[in-house]
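Visitor: Sequence plus the predicted model coming up.
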Amino acid sequence: MDDQTLKIAVYTIALNEENFVQRWFDSAKDADYLLIADTGSNDKTVGIAKSLGINVINVNIKPWRFDMARNAALAAIPSEIDFCISLDMDEVLIPGWKKEFDTLPPGVTRPRYNFVYTFDKEGKAIHSFVGDKIHLRNYYRWKNPVHEILLPYGVKEIEHHINLEMHHYPDTSKSRGQYLSLLELSVAEDPLDDRAAFWLAREYFFYKRNEESKNAFKKYLEDFPRAWYAERAWAYKFLANIEGENREDYLILASQLAPEFREIWVELAEHYRQLKNWAKCFETALRANALTVRPDIYLTDQRIWDGPAVYDLLALSSHYLGKNAEAREFGLKAVELAPEDERLKKNVVFYSEALERE
């Protein structure tokens, strides 16, 4: 596409974001149009935004729901804009992002990109997946009171991946307290929405409301046999953490549904470690170790793919199976991935001494 004709808007909703407006602007300023839909800030958010030349509108959504606020923002974007980027105030675009639109083939309605959701203390990515918040100016609307999604209307959706990257730096001072009630509303409004049902069950789990979470996950699995297999697998994974007596069965079901995910195999291997079933622990950790390509979805944990957990489990189980040479080898690999971990270093000494005694 010709960047002389392609116009990009970046938009967001905001409430008391004075600490993040400048950062948001700096990452998005190459856009042809910037818009903040302010939802009632009583700090300096609006003043800072206007001083930077950002277009600001005021929206008043009562009772509150995210989709209506985002749709109000979207409606205020000029019609001559071609593509819109929904960029939250706790997110940034990595420099060079705009030129990536030049690579779009004709007909694309939904560019996809890499979204890094969480980082560790050293700034290394932990969770990343393919992002979905870039869309044509027309033919798209937001749906759901929370964990809102973009849906196309009157157009055949065509996706294409571009080398654009967006990073998420969550504001931990913000409460998630309203999410649960909004998720309950999502499910009530659309009981056929499998993802809303999954997210509600997960939210109950996060709130340690285990009985409600268990019932919601079981209902989700029963009601949506054709839902996305990865979320169905994670539903079993969550149930494994709620119903300890059925932990193994649930994890096996999860592994059968989604055998390409290390996270499931590692959790199953850890279950066998706790049971001191070393043969199964070794076998299951070996299955995890064979997986080397992390799927690009929001459920995965980069620490499981890049960290020492698999080698640690292989080392421990090898030792208890009487294979101390292998235990030492796996233990050294674990230390390479986590050189500051004192337990792992002590384990290597233990394996080495056990090997010398053979």
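Guide: Perfect, thanks for sending it. Numbers count the residues shown, from 1 in each chain.
Visitor: tell me the strands in the stretch 101-250 of the chain, going along the chain?
Guide: Secondary structure of the stretch 101-250 of the chain (DSSP state E, counting those that start in this stretch): strands located at 110-119, 125-131, 134-136, 140-143, 149-152, 159-168.
Visitor: Pro95 is nearest to which of these?
Guide: Across the strands of the stretch 101-250 of the chain, the minimum distance to Pro95, taken as Cβ to Cβ, is reached by strand 159-168, at 9.6 Å. Yep, even glycine has a C-beta here, placed from its N, CA and C like the rest.
Visitor: what mean pLDDT would you report for the closest one?
Guide: What strand 159-168 shows for mean pLDDT is 97.
Visitor: Now do the buried residues in that strand.
Guide: Across strand 159-168, burial judged by 16 or more other Cβ atoms under 10 Å covers 162, 164-168.
Visitor: Check which helices and strands it sits against.
Guide: Packing contacts for strand 159-168, counted by 3 or more Cβ pairs under 8 Å, 6 or more residues apart in numbering; DSSP states H and E, involve strand 91-93, strand 110-119.
Visitor: Run through who's touching that strand.
Guide: Contact with strand 159-168 is made by 87-88, 90-94, 97, 100-101, 103-105, 108-119, 130-131, 133-134, as judged by Cβ atoms under 8 Å, 6 or more residues apart in numbering.
Visitor: what's the angle between it and strand 125-131?
Guide: Angle, strand 159-168 to strand 125-131, by axes from the mean of the first three to the mean of the last three Cα atoms, to 10 degrees: 150 degrees.
Visitor: quick one: strands adjacent to strand 159-168?
Guide: Strand pairing for strand 159-168, using DSSP bridges, gives strand 91-93 (antiparallel), strand 110-119 (parallel).
Visitor: Packed most tightly, which of those strands would that be?
Guide: strand 91-93 (a mean of 22; mean count of other Cβ atoms under 10 Å).
Visitor: what distance separates it from the centre of its chain?
Guide: Taking Cα atoms, centre = their mean, to the nearest Å, one finds the center of strand 91-93 at 15 Å from the center of the full chain.
Visitor: Next: stretch 301-315.
Guide: 19 Å.
Visitor: First-to-last residue distance for that stretch?
Guide: 21 Å (Cα to Cα, to the nearest Å).
Visitor: in that stretch, what's buried?
Guide: For stretch 301-315, the neighbour count (16+ other Cβ under 10 Å) marks 301-305, 307-315 as buried.
Visitor: Report the lowest-confidence entry in these.
Guide: Gln302 (87).
Visitor: any idea how far it lies from Arg287?
Guide: Counting by Cβ to Cβ, to the nearest Å, the gap from Gln302 to Arg287 is 19 Å.
Visitor: Kindly report the same for Thr300.
Guide: Counting by Cβ to Cβ, the gap from Thr300 to Arg287 is 16 Å.
Visitor: Spit out the contact partners of the residue nearest to Asp120 when sequence neighbours are not counted.
Guide: With sequence-adjacent residues excluded and distances taken as Cβ to Cβ, 6 or more residues apart in numbering, Asp120 is closest to Ile126, at 5.5 Å. Counting by Cβ under 8 Å, 6+ apart, Ile126 touches 117-120, 301-303.
Visitor: if we go to 7 Å?
Guide: Taking Cβ atoms under 7 Å, 6 or more residues apart in numbering, we find Ile126 in contact with 118-120, 301-303.
Visitor: Output those in JSON lines; the columns should cover distance to Leu150.
Guide: Listed next are the contacts of Ile126 as JSON lines, based on distance: Cβ to Cβ, whole Å:
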{"residue": "Thr118", "distance to Leu150": "22"}
{"residue": "Phe119", "distance to Leu150": "25"}
{"residue": "Asp120", "distance to Leu150": "29"}
{"residue": "Asp301", "distance to Leu150": "25"}
{"residue": "Gln302", "distance to Leu150": "26"}
{"residue": "Arg303", "distance to Leu150": "29"}
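Visitor: what helix or strand is Ser352 on?
Guide: Using DSSP states H and E, Ser352 sits within helix 342-356.
Visitor: now do Tyr298
Guide: Using DSSP H and E, Tyr298 falls within no helix or strand.
Visitor: where does the stretch 251-358 of the chain have low pLDDT?
Guide: Counting by pLDDT under 70, the stretch 251-358 of the chain shows no low-confidence range.
Visitor: Helices of the stretch 151-300 of the chain, start to end?
Guide: Assigned by DSSP state H, counting those that start in this stretch, the stretch 151-300 of the chain shows helices spanning 179-189, 194-206, 210-223, 229-242, 247-257, 262-275, 278-289.
Visitor: Need those helices in TSV (columns: distance to Lys44).
Guide: Output for those, formatted as TSV (distance: least, Cβ to Cβ, whole Å):
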stretch	distance to Lys44
helix 179-189	26
helix 194-206	32
helix 210-223	40
helix 229-242	40
helix 247-257	47
helix 262-275	42
helix 278-289	49
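Visitor: Make TSV out of the ones you listed and add mean neighbour count and distance to Tyr11.
Guide: Listed next are those as TSV, based on neighbours: other Cβ atoms under 10 Å; distance: least, Cβ to Cβ, whole Å:
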stretch	mean neighbour count	distance to Tyr11
helix 179-189	18	21
helix 194-206	22	23
helix 210-223	17	32
helix 229-242	21	28
helix 247-257	19	37
helix 262-275	22	34
helix 278-289	20	41
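Visitor: Which of those helices sits closest to Asn42?
Guide: Taking Cβ to Cβ, helix 179-189 is the member of the helices of the stretch 151-300 of the chain nearest to Asn42, at 22.0 Å.
Visitor: got the angle for that closest one vs helix 194-206?
Guide: Relative orientation of helix 179-189 versus helix 194-206 (the same axes, to 10 degrees): 150 degrees.
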